[in-house]
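Asker: Here's a sequence, model it:
(chains A and B)
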Number of protein chains: 2
Amino acid sequence: MSDSRRVTLQPGDTIGILGGGQLGRMLALAAARLGLKCQVFSPDPDSPAFDVVQNATCAEYADVEALELFAADVDVVTYEFENVPAATAMVLAARRPVLPNHRILETVQDRLVEKNFITGLGIGTAAYTDVASAEALREAIEIIGLPAVIKTRRFGYDGKGQAIIREGDDPSQVWDDLGTKAAILEAFVAFEREISVIVARSADGGVECFDVTENEHRDHILKYSRVPAAIPDTLAAQARDIAQKIAIALDYVGVLAVEMFVVPGAGGPTLLVNEIAPRVHNSGHWTLDGASISQFEQHIRAVAGWPLGKPVRHGSAVMTNLIGDDILDYGKWLTVPGAAVHIYGKGAPRPGRKMGHVTEIKHVTEVKGRG
Amino acid sequence: MSDSRRVTLQPGDTIGILGGGQLGRMLALAAARLGLKCQVFSPDPDSPAFDVVQNATCAEYADVEALELFAADVDVVTYEFENVPAATAMVLAARRPVLPNHRILETVQDRLVEKNFITGLGIGTAAYTDVASAEALREAIEIIGLPAVIKTRRFGYDGKGQAIIREGDDPSQVWDDLGTKAAILEAFVAFEREISVIVARSADGGVECFDVTENEHRDHILKYSRVPAAIPDTLAAQARDIAQKIAIALDYVGVLAVEMFVVPGAGGPTLLVNEIAPRVHNSGHWTLDGASISQFEQHIRAVAGWPLGKPVRHGSAVMTNLIGDDILDYGKWLTVPGAAVHIYGKGAPRPGRKMGHVTEIKHVTEVKGRG
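Answerer: Presented below is the predicted three-dimensional model:
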């Protein structure tokens, strides 16, 4: 899977970013710290990432001419979201290095392929099976049991494209409501907690993991991340090993997030991988303020062909997402001692829309005096 | 001196920044964290700050039409340098709030007025006297003694526009070499160390000081800043009081740096104010990585009419400027554990040119594990 065209940027060179949301915005801000320019490609004229770069391309992802012009302007291409259309990635990859390698998208854009890849590495996941019809769903329920979770194979995020099936639900109705031809049924995991590992891998194979983060969701959307996760050191080491194994197996260059469930068991808790996100991740936002180098900078370093940093964590951190109307409280957050407030520059708050976040750091030993 | 036109920005509003260097760039990056946009005004098409904003105005500071259009695009104006031409500030101030108040520039653009202002507050400075001719210089030397430092009253920075006069130097020659009609002669201060205080003041009069920083210059250019300064707590408290007193007396809104000398004395060390910089300052760059809120964010909050943050320092910090060819070592710095590397996006390194900086943090108690 290696891309033979290795890239090493110089300060002043330009990284092309596909996607103009808050992740693209924070990637561009991290690049700016390092003297690298970014050009953002997004179909949305109100893209938050447009505000922080001199050059932006506002065009559809299927616009081949715009993609070609974009490729000509940049030295390397990366992306902020995993649902980059395959054709878009191919057009760009023919002209410029695309990092992480765009072929990785084939693995992570399809939940079935992703699950097969993970289990193929000997890493545990929830039991799952392929479902392509209401009849297949009935059979799958026989195997997996209930409750279970049905998920579309493609284009799901923040709980979209999935449903829980419980005893008494009508499988035909569930299938019709999902409105897809390709899904997987997963066993419902009675997890003790949700964690994630943000791992960075450089072009020369260097790997750096941030400390394991514990995540709390509300309505399928991340609400809080806490680091370090309240799990035994041995389990944290296992979690990092799993993330590292996945990054190496994908010959990955950039930052990757691996979401896992901590499952109670007779012999102590074990880990099941829930999902891979081939990009910077909401559960790594604490690194902006809680560590000497952020996930965004690690990603930029990796795609620039630069060495990864050795991040040092400043203390324990709690990241709170400001979702929808939460953002209206920004004035209150501004006055909390030690709180670092991030506002993404989006327009009106909508329910479920990620508008910003706040990170609070607690030093292991409180530092004498103030900042 | 109060400006009656109070301003309170909303996320999405735009701050106009006069000056496109690294300070303007880091201000714009801080604004972006808070969901505020910036528009940069600079005559230099290669301005580093242009890279991180969507809208820039490349025009001369005397270009009234460009200033008017700029003012129309922004909600408030601030600046990254104290030598904003008076006429420029007046054109803008007639149209938009300019913060810090542009009349403050009259005080700090002239070393004589500045010194008179400081001593008028009962704050110590080196002995100084006005000099307007070679003859006056001879008389001033009689009063001040030698060695002494002659400085042009206006437009000096990084050691430019100043010279040391020692025993045996010819005052007429020194005067001719300086090439000015207005200067001050200052007593040479045998200081023990140089320190600075970065103070922020909000529109409602709130004040926050960062911890006192110790500065080391090479060839008149800042090379290292260390925080906390190795001075007694009582002296550090005095330094903060001085900075606060100056900010209040100026009815200042924004971030202000006060440079001071620590002078040994029989009754213990005392402080003399060397210079006021009405802007974010190189000696406060450590706050980007060493505290929960940076000097840049404090300045943005103040000019936005937002409350100041309560910054918490992560530990002790050393900031190293990368000057001229120092920047060529960036690859080495990228691999130093815990080091935060900043590259300003300038073109070719020139001797004396500030190209970037690195901040290293040492936690009071090393945090277990890595970031």
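
Asker: Following element in sequence after the helix ranked longest in chain A, please.
Answerer: Assignment by DSSP state H gives helix A:233-249 as the longest helix of chain A. Per DSSP states H and E, helix A:233-249 leads on to strand A:254-263 as the next helix or strand towards the C-terminus.

Asker: what comes up buried for the longest helix of chain A?
Answerer: Buried residues in helix A:233-249, counted by 16 or more other Cβ atoms under 10 Å in any protein chain shown: A:235-236, A:238-240, A:242-247. From N, CA and C alone the C-beta is placed, and that goes for glycine too.

Asker: With distance to B:P228 and pLDDT as extra columns, can I get these in CSV?
Answerer: Below are those laid out as CSV (distance: Cβ to Cβ, whole Å; pLDDT from 0 to 100):
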residue, distance to B:P228, pLDDT
A:L235, 38, 98
A:A236, 33, 98
A:Q238, 40, 98
A:A239, 37, 98
A:R240, 35, 98
A:I242, 41, 98
A:A243, 37, 98
A:Q244, 38, 98
A:K245, 43, 98
A:I246, 43, 98
A:A247, 40, 98
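
Asker: Check what contacts the longest helix of chain A and list those residues.
Answerer: Helix A:233-249 has contacts (Cβ atoms under 8 Å, 6 or more residues apart in numbering or on different chains) with A:117-118, A:121, A:123, A:195, A:197-199, A:201, A:205, A:207, A:209, A:211-212, A:228-229, A:231, A:252, A:256, A:258, A:260, A:262, A:268-269, A:271, A:273, A:276.

Asker: Stretch A:267-276 too?
Answerer: A:107-108, A:114, A:118, A:123-126, A:189, A:191-192, A:194-195, A:231-232, A:235, A:238-239, A:242, A:246, A:256-263.

Asker: Alpha carbons only: can I get it in PDB?
Answerer: Output of stretch A:267-276 as PDB, limited to C-alpha atoms (Å, rounded to 0.1, in the frame of the first residue of the first chain):
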ATOM      1  CA  GLY A 267     -10.900 -12.100  33.900                       C
ATOM      2  CA  GLY A 268     -11.000  -8.300  34.000                       C
ATOM      3  CA  PRO A 269     -12.100  -5.800  31.400                       C
ATOM      4  CA  THR A 270     -11.300  -6.300  27.700                       C
ATOM      5  CA  LEU A 271     -11.400  -4.100  24.600                       C
ATOM      6  CA  LEU A 272     -13.500  -4.300  21.500                       C
ATOM      7  CA  VAL A 273     -12.900  -1.900  18.600                       C
ATOM      8  CA  ASN A 274     -16.000   0.000  17.600                       C
ATOM      9  CA  GLU A 275     -14.800   2.200  14.800                       C
ATOM     10  CA  ILE A 276     -11.800   3.700  13.000                       C
END
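
Asker: Show me what counts as buried in it.
Answerer: So stretch A:267-276, judged by 16+ other Cβ under 10 Å, has buried residues A:269, A:271-276.

Asker: which ones among those are found in helices?
Answerer: Going by DSSP H, the helices hold none of the buried residues of stretch A:267-276.

Asker: of these, closest to chain B?
Answerer: A:L271 (18.1 Å; Cβ to the nearest Cβ).

Asker: Relative to A:S196, how far out is the closest one?
Answerer: 11 Å (Cβ to Cβ, to the nearest Å).

Asker: Can you pull the residues that touch both of these two?
Answerer: The contact lists of A:L271 and A:S196 share A:M260, where a contact means Cβ under 8 Å, 6+ apart.

Asker: for the buried residues of stretch A:267-276, which one is nearest A:L178?
Answerer: A:E275 (18.1 Å; Cβ to Cβ).

Asker: Bridged to the closest one, which residues?
Answerer: A:E259 (DSSP bridges).

Asker: pLDDT score for it?
Answerer: pLDDT recorded at A:E275 is 94.

Asker: likewise the one 4 residues further on?
Answerer: What the model reports for A:R279 is a pLDDT of 97.

Asker: Please apply the same query to A:H102.
Answerer: So, for A:H102, pLDDT stands at 86.

Asker: That one and A:V91 touch, don't they?
Answerer: No - contact between A:H102 and A:V91 fails when scored by Cβ atoms under 8 Å: they sit 10.1 Å apart.
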